[in-house]
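**Student:** Predicted model follows, preceded by the sequence.
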Amino acid sequence: MSYHILVVDDEVVTRTMVGGYFEKQGYSVSQAADGKEMHKIMNERHVDVDLVLLDINLPGEDGLMLTRDLRSKSDVGIILITARTDSIDRIVGLEMGADDYCTKPLELRELLVRVRNLLWRISRSNTAMLVESLPPENDKIVNFSGWTFDIERRALSREDDTVKLTKAEYEMLVAFTANPNRVLSRERILNLISHRVDAPNDRTVDVLVRRLRNKIEAEPKKPQLFITVHGEGYMFAGR
């Protein structure tokens, strides 16, 4: 899977340095200068943010307020960045729902280790929750239309072709393959994935289905796997 990191810092030099470093490490990166820009990116339909690197000292809403707001809506990973040596802010940040923190001046290799460790913990937790939600008789490796979907390894492949899935795409494919040939309403789908998507709505489902079609269907405009059932929702016809 490809992970998406959002760097939120009002210092353009720091923001650019951190963003560039993580892009070189193979991550997708977005950047925001304040809370307003952060919310705009988080609410974009085509963006699935996995982890936020959030500076505490921001103009307007500071990092602590933004942490509380993010955690009330999403379980996205949050690492606080602070220039303060006082432990009070770090403690308050962790109490508000941050997962970790790092102090300035930043040691990028240390920050990379913290990011990798947090993403690993989130990935393990998410996979365990999704696998446990499957019926006992459900295979953990699903084969359909030439594709092999290894749920526990979070891998989708066909022959030598491996497809990268975002977090939300992966979770939606798990939901579909666990309910083959069954119509799922948009509300039902949101119940299966909304704990992973910030500010979800019906449009979120439509966008994710379209993205899965583009990655998996032979002819995305004439879908044979992800079928629209007008007035009801979607059905996975791959099994």
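**Tutor:** Yes, it's here. Numbering: from 1, shown residues only.
**Student:** Residue 55 contacts residue 12, correct?
**Tutor:** No: using Cβ atoms under 8 Å, residue 55 is not in contact with residue 12; the gap is 11.8 Å. C-beta: built from backbone N, CA, C; applies to glycine.
**Student:** who's more crowded, these two?
**Tutor:** residue 55 (24 against 10; other Cβ atoms under 10 Å).
**Student:** In contact with the residue nearest to the more buried one when sequence neighbours are not counted, which residues are there?
**Tutor:** In space, and not counting its chain neighbours, residue 55 is closest to residue 9: 4.2 Å by Cβ to Cβ, 6 or more residues apart in numbering. Applying Cβ atoms under 8 Å, 6 or more residues apart in numbering to residue 9 gives the contacts 15, 18, 31, 33, 53, 55, 58, 81.
**Student:** now residue 9: how far from residue 58?
**Tutor:** 8 Å (Cβ to Cβ, to the nearest Å).
**Student:** now swap in residue 219 and tell me
**Tutor:** Residue 219 is 46 Å from residue 58, by Cβ to Cβ.
**Student:** The two: which is more packed in?
**Tutor:** Neighbours per residue (other Cβ under 10 Å) separate residue 219 from residue 58, with residue 58 holding more: 22 against 8.
**Student:** List the contacts of that one.
**Tutor:** Contact analysis of residue 58 by Cβ under 8 Å, 6+ apart lists 8-10, 34-35, 66.
**Student:** starting at the chain centroid, how far to stretch 155-164?
**Tutor:** Counting by Cα atoms, centre = their mean, to the nearest Å, stretch 155-164 is centred 20 Å from the centre of its parent chain.
**Student:** Please save the CA atoms from that stretch in PDB.
**Tutor:** Written as PDB, here are the backbone C-alpha positions of stretch 155-164 (Å, rounded to 0.1, in the frame of the first residue of the first chain):
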ATOM      1  CA  ALA A 155      -2.000  -7.100  -1.400                       C
ATOM      2  CA  LEU A 156      -3.900  -7.100  -4.700                       C
ATOM      3  CA  SER A 157      -2.200  -8.700  -7.700                       C
ATOM      4  CA  ARG A 158      -2.800 -10.400 -11.100                       C
ATOM      5  CA  GLU A 159       0.000 -12.400 -12.500                       C
ATOM      6  CA  ASP A 160       3.000 -10.100 -12.300                       C
ATOM      7  CA  ASP A 161       0.800  -7.000 -11.900                       C
ATOM      8  CA  THR A 162       0.500  -5.500  -8.400                       C
ATOM      9  CA  VAL A 163      -2.000  -2.800  -7.700                       C
ATOM     10  CA  LYS A 164      -1.400  -0.200  -5.000                       C
END
